[in-house]
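# predicted coordinates and the sequence they were generated for:
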Amino acid sequence: MLEPDARADGPLRLALIGAPNCGKTSLFNALTGANQRVGNYSGVTVERKIGRTVTPAGEALMVIDLPGTYSLRARSPDEVVTRDVVLGRRKDVGQIDLLVVVADATHLRPGLRLAQELRACGIPILVVLNMIDIARHRGITIDAERLEHELGLPVVTSTAVRRGGMETLWARIDAMLGQGLPERGAMTWQEPTAAQLRTALRQADGLIARTVHKPVAPRSLTEKIDTVLLNPFFGPVFLLVLMFAMFQAVFAGAAPLMDAITVFVDWVSATVSAALPEGLLRGLIVDGAIAGVGSVIIFLPQILILFAFILILEDLGYMARAAFLMDRIMGHAGLHGRAFIPLLSSFACAVPGIMSARVIDDRRDRLTTILIAPLMTCSARIPVYTLLIGAFVPARSIGPGIGLQGLVMFGLFAAGVISALLVAFVSRLLLRRNEIAAPLMLDLPDYKIPQLRGVVLGLWQRARAFLRRAGTIIFYASVVVWVLSTFPFPPEGASEPAINYSFAAMIGHLLEPILSPIGFTWQICVALVPGMAAREVAVAGLSTVYAVSGGEAALGSTLAAHWPLATGVSLLVWYIFAPQCLSTLAVIKRETGTARWMWVTVVYMFGLAYVFSFIAYHLVRALGG
Ligand SMILES: Nc1nc2c(ncn2[C@@H]2O[C@H](COP(=O)(O)OP(=O)(O)OP(=O)(O)O)[C@@H](O)[C@H]2O)c(=O)[nH]1
Ligand SMILES: [Mg+2]
């Protein structure tokens, strides 16, 4: 017997393991009070997560959440994490004392099979049938006692996402710890062969036949919805209409909130101006910090509306369908079916997107996904796009409920996706010749009512990350741009605006020969340099440069007055492609293990940006813009 308090090295370690999407992270959050990301599709968790908690009886526990897996026979990097933790090979985690095998109560087969396989690890096991609420709702009854008896392992049920849904599990954990965990057995796990896996699945089926009663449901609601939404013709049309509606909502819904933030920023700016004497300090605060940070935070509403859509669709279970619908197109481009989730996460930010490419087992497939992830339109581009669209695209309606600005935004996102597919296609030709990409092995989850808490939490995390960036990198960059645009002072009796004599103008003029063929003014060149660090910084940079130049109007109208249309379009196109984000480049280096692929990304993305901006600029001019 291993007495819990006899342990020399800290609390008992409990690891959550199970097939993808069975609710491990939801259980982890419920057990530890953490707020890790959950989503209704496979492959949300790609790294081990550690939390601490105390059981109702007062035992301290360390809880480890793991990426979903069907077997310890690990194939992809996320599955390797799970295997290594379970086998005690990760130094940062140590030996696991209790394996909690999580099974989806509505679909027990993979969980039961995994529990059988894990016995060979010799670690005490507790089986949890999660999502018991959904099973009950569907009239599925499970004879947990008989299951426990036949399996020879303790079995409890839980509902991770409802208050009170964890009581049985807590009670059982305490009971097990109170008696002392069974002694560890010998570690005899070996990679199961395909034949062994098949036999084990048959055994699991036998067990299910004896202990689970499923009413002969005519057709589930999910199936009914899917006959329409996965229909080869109607499915893609619905997806397109939905995405289109999303961007319309982003523009229409954000306007009043953006106006409110603008009023607030103007008020802060006016109040500070009035309180400070004319001079450098006032310039630094008003034209530097407030103009820079203020110009970026007004885009928060758009980011939140877009992510409210994405989070709700994810939790509803629709995003997995979108992956299914895109699979054929992605396959033709040479992308692995599992690339969808990393690419989807990249709409928020390429950094987590690139990390979630770990769910892809084939190295070259993973590399292709990593290389194209930065082409997905991340939320840092939203301020840039919105600013330029607001300045150069009239807010006109071009049909019932269809605004031109929303349409252009949709087009920019689509351009990112299409160019990513094309780059994937080309890199497939370069990296390998003629293999056909693996088909999608994603299981389609049942539709679920989204959890309000999860959506609100997701939005809060986005907002916080955005504001943190505004308060740090964007703030510093605005101050730097202000300093560069203010010093040195113009010579005595200068006739031109003061900024024309500043360092900023010097830098801008230095870069101008390279960037003037694509229509960029020297002010854009000034904003692009700090904008290398992160994309929104360019907006702050432009705002500061024009504020120093004495611009009083809103940044959008200033740009519209100073730039030809062709320049605006060219800069929009530049932002579809240019790799202006140091964190993304750093994570590419880390995840691929070499600097080589980082440089490949830099070169190909700048190359595309320059070529397409050049074409766009000259095309618009030729058309008379
Ligand atoms: N109704 C209900 N929904 C649940 C329950 N547990 C989890 N969910 C939902 O199931 C989905 C998947 O949950 P996750 O916790 O992300 O699953 P996971 O096992 O961590 O998934 P991976 O990390 O992808 O392996 C989410 O939409 C959850 O809200 C439950 O007990 N009842
Ligand atoms: Mg998870």
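Yep, that arrived. Ligands and ions are numbered 1, 2, ... in the order given.

# how distant is the top helix by length along the chain from the center of its chain?
If you go by DSSP state H, the chain has its longest helix at helix 234-275. A distance of 21 Å separates the centroid of the chain from that of helix 234-275, by CA atoms, centre = their mean, to the nearest Å.

# now do it, average pLDDT.
Helix 234-275 shows a mean pLDDT of 89.

# cool, and stretch 477-493?
On average, stretch 477-493 scores 87.

# show residues contacting stretch 236-256.
228-229, 301-302, 305-306, 309, 313, 322, 325, 401-403, 405-407, 409-410, 413 (CB atoms under 8 Å, 6 or more residues apart in numbering). Quick note: C-beta positions are derived from backbone N, CA and C, even for glycine.

# hmm, which of those residues are the buried ones?
229, 301-302, 305-306, 309, 313, 322, 325, 403, 405-407, 409-410, 413 (16 or more other CB atoms under 10 Å).

# which of these are close to ligand 1?
Checking those against ligand 1 by CB under 6 Å from any ligand atom, not one of them is in range.

# ok, so of the residues you listed, who is nearest Leu12?
Leu313 (38.5 Å; CB to CB).

# where does the stretch 451-600 of the chain dip in pLDDT?
551 (pLDDT under 70).

# can you show me the helices along it?
452-469, 475-486, 503-515, 522-528, 537-548, 555-562, 565-577, 582-592, 596-622 (DSSP state H, counting those that start in this stretch).

# next, the angle from the third one to helix 596-622.
For helix 503-515 against helix 596-622, the angle by axes from the mean of the first three to the mean of the last three CA atoms, to 10 degrees is 80 degrees.

# which residues are contacting helix 503-515?
Taking CB under 8 Å, 6+ apart as the rule, helix 503-515 contacts 481, 483-485, 487-488, 499, 520-526, 528-529, 545.

# go again using 10 Å as the cut-off
Contacting residues not belonging to helix 503-515 are listed as 480-488, 496-500, 502, 520-529, 541, 544-545, 548, 570, 574, 610, 613 [CB atoms under 10 Å, 6 or more residues apart in numbering].

# which ones are touching the residue positioned nearest the centre of the chain?
Ranked by distance to the mean C-alpha position of the chain (CA atoms, centre = their mean), the top residue is Ser345 at 2.9 Å. Contacts for Ser345 (CB under 10 Å, 6+ apart) come out as 37, 39, 43-44, 46, 310, 314, 351-357, 373, 376, 378.

# the residues you listed in helices, which ones?
Per DSSP H, those map to helices at 310, 314, 351-356.

# can you put those in CSV and add distance to ligand 1, neighbour count and pLDDT?
Shown next, in CSV, are the ones in helices among the contacts of Ser345 (distance: CB to the nearest ligand atom, whole Å; neighbours: other CB atoms under 10 Å; pLDDT from 0 to 100):
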residue, distance to ligand 1, neighbour count, pLDDT
Ile310, 14, 19, 89
Glu314, 8, 26, 88
Val351, 18, 20, 90
Pro352, 13, 15, 88
Gly353, 15, 25, 90
Ile354, 17, 25, 93
Met355, 13, 20, 90
Ser356, 10, 25, 87
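
# in TSV: these, plus distance to Leu112.
Converted to TSV, the ones in helices among the contacts of Ser345 look like this (distance: CB to CB, whole Å):
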residue	distance to Leu112
Ile310	34
Glu314	27
Val351	37
Pro352	32
Gly353	33
Ile354	34
Met355	31
Ser356	27
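
# that older thread, ok, which of the helices of the stretch 451-600 of the chain comes nearest ligand 2?
helix 452-469 (12.1 Å; CB to the ion).

# in the closest one, what's buried?
454-455, 457-459, 462, 466, 469.

# who's in contact with it?
Under CB under 10 Å, 6+ apart, the answer for helix 452-469 is 26, 29, 35-40, 161, 293, 296-297, 299-301, 303-308, 310-312, 314-315, 348-349, 379-380, 382-383, 451, 474-475, 534, 536-537.

# any of those residues buried? List them.
26, 29, 36-40, 161, 293, 296-297, 299-301, 303-308, 310-312, 314-315, 348-349, 379-380, 382-383, 451, 474-475, 534, 536-537.

# now do the closest residue to Leu16 other than its chain neighbours: how many residues are near it, please.
Among residues not flanking Leu16 along the chain, Lys24 sits closest, at 4.4 Å (CB to CB, 6 or more residues apart in numbering). By other CB atoms under 10 Å, the residues close to Lys24 number 30.

# what about Val296, which helix or strand?
helix 291-297 (DSSP states H and E).

# for that helix, packing partners?
helix 234-275, helix 381-392, helix 452-469, helix 475-486, helix 537-548, helix 555-562 (3 or more CB pairs under 10 Å, 6 or more residues apart in numbering; DSSP states H and E).

# still on that earlier bit, I'd like the next helix or strand past the longest helix of the chain.
helix 280-282.

# flag every buried residue along that following helix.
Arg282.

# try stretch 482-496
For stretch 482-496, by 16+ other CB under 10 Å, it's 482-486.

# end-to-end on it?
18 Å (CA to CA, to the nearest Å).

# before we move on, what about stretch 41-54?
Start-to-end, stretch 41-54 (CA to CA) is 30 Å.

# can you check stretch 47-65 too?
OK, stretch 47-65 end separation, CA to CA: 8 Å.

# next one: it to chain centre, how far?
Remark: stretch 47-65 is offset 26 Å from the chain centroid, using CA atoms, centre = their mean.

# ok, it near ligand 1 or not?
No: using CB under 6 Å from any ligand atom, stretch 47-65 never reaches ligand 1; the gap is at least 6.9 Å.

# list the buried ones in that stretch?
So stretch 47-65, judged by 16+ other CB under 10 Å, has buried residues 48-51, 53, 55, 59, 61-65.

# go on, stretch 234-250?
Those would be 235-236, 238-239, 243, 246-250, for stretch 234-250 by 16+ other CB under 10 Å.

# residues contacting the residue nearest to Leu16?
Lys24 touches 15-18, 36, 38, 44-45, 49, 64-68, 100-102, 128, 130, 160, counting by CB under 10 Å, 6+ apart.

# just the buried residues of those residues.
Buried among the contacts of Lys24 by 16+ other CB under 10 Å: 15-18, 36, 38, 44-45, 49, 64-68, 100-102, 128, 130, 160.

# separation between the residue nearest to Leu280 when sequence neighbours are not counted and Trp522?
Counting by CB to CB, 6+ apart, Leu280 lies nearest to Thr486, which is 7.4 Å off, once chain neighbours are set aside. Per CB to CB, to the nearest Å, Thr486 is found 16 Å from Trp522.

# nearest spatial neighbour of Ala554, chain-adjacent residues omitted?
In space, Ala554 is closest to Thr262, 7.2 Å off (CB to CB, 6+ apart).

# my read: that neighbour touches Gly294, true?
Yes: using CB atoms under 10 Å, Thr262 is in contact with Gly294, at 8.2 Å.

# that's a helix at Pro56, yeah?
No: assessed with DSSP: H, G, I helix; E, B strand; the rest coil, Pro56 is coil; it does not lie in a helix.

# all set now, cheers.
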